[in-house]
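Undergrad: Fold the following and give me the result.
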Amino acid sequence: MDPDFDEFPHVPARLSVVAPLTPADWVEFGFVRDAVDTSDSALSKQIAALAGAGYVEVRKTRNSTGRHTHLRLTPHGRQAFQRHASALERIVAAARTPPL
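TA: Next up is the predicted model:
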């Protein structure tokens, strides 16, 4: 197995949460929920796991329109996802290489 393959974010539910956070700074909870087509409670569970492992930072605010939750990858989370994505690309490339 590739040493950069990271099983923690590879769980499909977590991987689908991390992916839309990668190109952005802060992302609204509702955007991620809709992007991954999941429920609030299922997304909250994955965010709690990712935050607990240091991959995601959560910011909760309140204004005149109500409460808002925003998410972003931490520097550790961004670096871990990039390493993991590179490992996946190497695994796929090796699978496409014809046998000798």
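Undergrad: which residues does residue 70 bridge with?
TA: For residue 70, the beta-bridge partners under DSSP bridges are residue 28, residue 59.
Undergrad: quick one, what contacts it?
TA: Counting by C-beta atoms under 8 Å, 6 or more residues apart in numbering, residue 70 touches 26, 27, 28, 29, 58, 59, 60, 61. Using the backbone N, CA and C atoms, a C-beta is placed for each residue, glycine as well.
Undergrad: Is there a quick PyMOL command that grabs whichever of those residues are buried?
TA: Buried residues among those (16 or more other C-beta atoms under 10 Å), as a PyMOL selection:
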select buried, resi 27+29
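Undergrad: now, among the contacts of residue 70, which is nearest to residue 89?
TA: Nearest to residue 89 among the contacts of residue 70 is residue 27, at 23.7 Å by C-beta to C-beta.
Undergrad: Check the contact between that closest one and residue 20; I expect there is one.
TA: Yes: the pair residue 27 and residue 20 qualifies as a contact (C-beta atoms under 8 Å) at a distance of 6.5 Å.
Undergrad: Which pLDDT value goes with residue 85?
TA: Confidence at residue 85, expressed as pLDDT, is 91.
Undergrad: the helices in this protein, which residues?
TA: Assigned by DSSP state H, the chain shows helices spanning 7-10, 12-21, 29-36, 40-52, 75-96.
Undergrad: To residue 69, which of those lies closest?
TA: Of these, nearest to residue 69 by C-beta to C-beta is helix 29-36, at 4.0 Å.
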